[in-house]
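Q: Provided below are the primary sequence and the corresponding predicted coordinates.
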Amino acid sequence: MGVEAGYSTLYGIGRVRGRRGMENGGRSSGGGGLVRVMTRYGQIYAALWRNSIIREMGFKINFLLWIVVELLWFVLHLGFIQVMYLHTDHIASWSKWEVVLLMGTSHFIQQLFTAFFFNNCTQLSEHVRMGRLDFILLLPASSRFLLSLRHVDLGSFVNAASALVVVGYATQQLRLEPSMVQILGYLLLCGVGVMVHYSLMFIMASVSFWTVRAQGIIWGYYNLFNIARMPDEVFRGGFKTVFTFVLPMLLVSNVPARVLVGKLSSGWMVLLLLGLTCVCFAVSQWVWNVSMRRYTSASS
Amino acid sequence: MSKYLHVLNIGVQNTLVYRVNFLVRACFGLIPLTATLFMWQAIYAGKGVGGNVEGYLYGQMVSYYLIVTIVDGLTAVAEDDWQIAADIKDGNISQFLLKPIDYLSYRLTLYCGGRMIYSAFALIPIAIFIYFKREFLELPADAGTMGLFLISTLLAGLLQFFISYTMALLAFWVMEVSTFIFILFAFEALAGGQLFPLDILPMGVREVLRYTPFPYEMFFPVSIYLGRAQGAELIGGLAMQTVWVGIAYLTARWVWRRGIRRYTASGG
């Protein structure tokens, strides 16, 4: 399945590229360069979407089953919170529905991340193992762009929507009336959170280029990102420092959730999240460059 | 018997290749564990000194999670289910049909070998972690309890293996078994007691769970260790656990027989 889809994707890009090439008559650079690059990548991305949809529709039952699996895990985590709150009213200063809102936010971010990036990141080491990476490097477009975005996981949008429903319900239970600014800020910060997930996952995938197999990366990911759904206040000491300032897992969902609930004491948490997102992305690009420099084709 | 010893040897050698992977895995596994412990710390802090949750004092709660980590290291089915499914999909099991070797025994041997190596390497980070929490780790009441705990852990391992094995055999019928495996994971995590001790659940739910195999995959041996399962409950639990192992074993055999009839050796 993977190989076939890989080649059909390659084919799709080739087609877009070919058409563009003819229209432009081989012209390059000059005024409006950025716009042209953007349109070109837009078209490539559209082709990737088309491929993903065709591919997903080939495995309809599997497509539905994955939605069920994710939903089940979401319910499971909500159940966990429900059980915790059978025995307490507050965890640190967080009430039950605030934590539900936090969990919904975390799930929302995670599902968006899965929709756009997750499978692509886990596939990276497989591409190396199977010798498929060489083909991708040869394509006339940014390799990182192609590797990161080639496959869109459509089912995850359904799950992201279910997460938003839970967030909405929790907002109602808390009798919150968030302003337009809060809602926009919330959505924007969720997007920033997706970028943090992506950058960290891309680092993990690049580092494990040669040694660890995909299973290992997925496993590592689930463990690491597990803590994003917990209220930041319960953590202490070195653990909190590391997962706030080095791997900002405790900011990713907590900051947007705090914005929506109105629990944000000052703006520095938002600034910290934004700053660290840039750092994470820069580091991921650096790790990627190093990996590329060390890369010697695996097989083929 | 000697041929399976040979398999064990191969299994050990194969998994030794992944020793760094195991170390990394075990370290990553400590992250959610630490997070859960922080969560409980916050809950107990809200209750004040001597607060307890369904009979668990704070130290006992920490103890519960530490023992779960140990039992999990000893028994968890790590890659076996994926490998079995891949063997079926890629047609690799054809060779087992031709050789005088039983696939279930072969897999069980590999699982044991894998667990031995995993436990040996995972023990390093886990031991360090437990050292820092040593004030909370309670020892079992007596040697008898310890013995029963070990027997029950062995049965839990067998139960986990047979259930995962059967799940992986679904590859005879469907293309992608990973969805089913993840659904099973979800039930095992919640109903098996990995996320929290099952006795903090409402009474009704607890009663229902007693008749499912899940508590016997994790929760039961841990409650023996902590001395929470005693007397008639202990004997009844062990009996129930044995029955479930038997049922899981027979189901695994039965599903294999049904599956092999459908097997077309594609790609083999």
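A: Arrived safely, thanks for sending.

Q: can whatever helix or strand residue A:43 lives in be found next to chain B?
A: Element membership for residue A:43, per DSSP states H and E: helix A:33-58. No: applying C-beta under 8 Å from any C-beta of the partner chain, one finds helix A:33-58 separated from chain B by no less than 10.6 Å. C-beta: built from backbone N, CA, C; applies to glycine.

Q: list the helices and strands that helix packs on?
A: In terms of contacts (3 or more C-beta pairs under 8 Å, 6 or more residues apart in numbering or on different chains; DSSP states H and E), helix A:33-58 is packed against helix A:2-24, helix A:143-149.

Q: Would you mark the buried spots in the following helix or strand past that helix?
A: Using DSSP H and E, the helix or strand that follows helix A:33-58 in sequence is helix A:60-84. For helix A:60-84, the neighbour count (16 or more other C-beta atoms under 10 Å in any protein chain shown) marks A:62-63, A:65-67, A:69-74, A:76-78, A:80-81, A:83-84 as buried.

Q: Chain B against chain A: which residues are in contact?
A: Where chain B comes near chain A, counting by C-beta under 8 Å from any C-beta, the residues are B:20-21, B:24-25, B:28-29, B:31-32, B:34-35, B:38-39, B:41-43, B:46-47, B:53-54, B:79, B:82, B:175-176, B:179-180, B:182-183, B:186, B:189-190, B:195-196, B:200-202.

Q: State the number of residues packed around residue B:64.
A: Neighbourhood size, residue B:64 [other C-beta atoms under 10 Å in any protein chain shown]: 25.

Q: What distance do you get for it to residue B:196?
A: According to C-beta to C-beta, to the nearest Å, residue B:64 and residue B:196 sit 8 Å apart.

Q: picking up where we left off before, give me the distance from the helix holding residue A:43 to the chain's centre.
A: Its chain's average C-alpha position is 18 Å from that of helix A:33-58, according to C-alpha atoms, centre = their mean, to the nearest Å.

Q: Any part of stretch A:252-261 near chain B?
A: No: on the criterion C-beta under 8 Å from any C-beta, stretch A:252-261 is out of touch with chain B, staying 12.8 Å away.

Q: Where does residue B:69 fall, secondary structure wise?
A: helix B:58-75.

Q: I'd like the next helix or strand past that helix.
A: Using DSSP H and E, the next helix or strand after helix B:58-75 towards the C-terminus is helix B:80-89.

Q: Now the helix holding residue A:43: buried residues?
A: The neighbour-count check on helix A:33-58 (16+ other C-beta under 10 Å) flags A:36, A:40-41, A:43-45, A:47-48, A:51-52, A:55-56 as buried.

Q: Same question for stretch B:223-231.
A: The neighbour-count check on stretch B:223-231 (16+ other C-beta under 10 Å) flags B:223-226, B:228-229 as buried.

Q: same deal with stretch A:280-289?
A: Judged by neighbour count using 16+ other C-beta under 10 Å, the buried positions of stretch A:280-289 are A:280-281, A:284, A:287-288.

Q: Quick one: mean pLDDT for the helix holding residue B:69?
A: Mean pLDDT, computed over helix B:58-75, is 91.

Q: which parts of that helix are buried?
A: Here helix B:58-75 shows B:58, B:60-75 as buried, counting by 16+ other C-beta under 10 Å.

Q: count of neighbours near residue B:41?
A: 18.

Q: I'd like to know how far residue B:152 sits from chain A.
A: When distance is defined by C-beta to the nearest C-beta, to the nearest Å, residue B:152 is 24 Å away from chain A.

Q: Could you tell me what pLDDT the model assigned to that residue?
A: pLDDT, residue B:152: 96.

Q: Compute the inter-axis angle for the helix or strand residue B:113 falls within and helix B:80-89.
A: Taking DSSP H and E as the definition, residue B:113 sits inside helix B:103-132. Between helix B:103-132 and helix B:80-89, the angle comes out at 160 degrees (axes from the mean of the first three to the mean of the last three C-alpha atoms, to 10 degrees).

Q: mean confidence score for helix B:103-132?
A: Averaged across helix B:103-132, pLDDT comes to 88.

Q: Next: stretch B:163-183.
A: For stretch B:163-183, mean pLDDT is 90.

Q: Stretch B:14-31 now?
A: Mean per-residue pLDDT for stretch B:14-31: 80.

Q: Alpha carbons only: can I get that stretch in PDB?
A: Extracted C-alpha coordinates of stretch B:14-31, given in PDB (Å, rounded to 0.1, in the frame of the first residue of the first chain):
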ATOM      1  CA  ASN B  14      17.000 -10.700  17.800                       C
ATOM      2  CA  THR B  15      15.800  -8.500  20.600                       C
ATOM      3  CA  LEU B  16      19.300  -7.800  21.800                       C
ATOM      4  CA  VAL B  17      19.700  -5.800  18.600                       C
ATOM      5  CA  TYR B  18      17.000  -3.400  19.900                       C
ATOM      6  CA  ARG B  19      18.500  -2.900  23.400                       C
ATOM      7  CA  VAL B  20      19.000   0.800  22.900                       C
ATOM      8  CA  ASN B  21      15.400   1.000  21.600                       C
ATOM      9  CA  PHE B  22      14.300  -0.700  24.800                       C
ATOM     10  CA  LEU B  23      16.200   1.700  27.000                       C
ATOM     11  CA  VAL B  24      14.700   4.700  25.200                       C
ATOM     12  CA  ARG B  25      11.300   3.100  25.400                       C
ATOM     13  CA  ALA B  26      11.500   2.600  29.100                       C
ATOM     14  CA  CYS B  27      12.700   6.100  29.600                       C
ATOM     15  CA  PHE B  28       9.800   7.600  27.600                       C
ATOM     16  CA  GLY B  29       7.400   5.400  29.500                       C
ATOM     17  CA  LEU B  30       8.400   7.200  32.700                       C
ATOM     18  CA  ILE B  31       7.100  10.500  31.400                       C
END
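
Q: Buried by neighbour count: which residues of that stretch qualify?
A: Those would be B:15, B:18, B:21-22, B:24-31, for stretch B:14-31 by 16+ other C-beta under 10 Å.

Q: That stretch: how far from the chain's middle?
A: Here stretch B:14-31 is found 16 Å from its chain centre; the criterion is C-alpha atoms, centre = their mean.

Q: Just the pLDDT for residue 204.
A: You didn't pick a chain, so chain A it is. 84.

Q: Let me rephrase: I mean chain B.
A: Per-residue confidence (pLDDT) for residue B:204: 91.

Q: same thing with residue A:81?
A: With respect to pLDDT, residue A:81 scores 90.

Q: next one: residue A:10
A: pLDDT, residue A:10: 40.

Q: ok, now residue B:222?
A: With respect to pLDDT, residue B:222 scores 95.

Q: hey, which helix is longest across chain B?
A: If each helix of chain B is counted by residues according to DSSP state H, the longest one is helix B:231-262.

Q: Remind me what that helix packs against, helices and strands.
A: Using 3+ C-beta pairs under 8 Å, 6+ apart: helix B:231-262 touches helix B:103-132, helix B:143-169, helix B:219-225.
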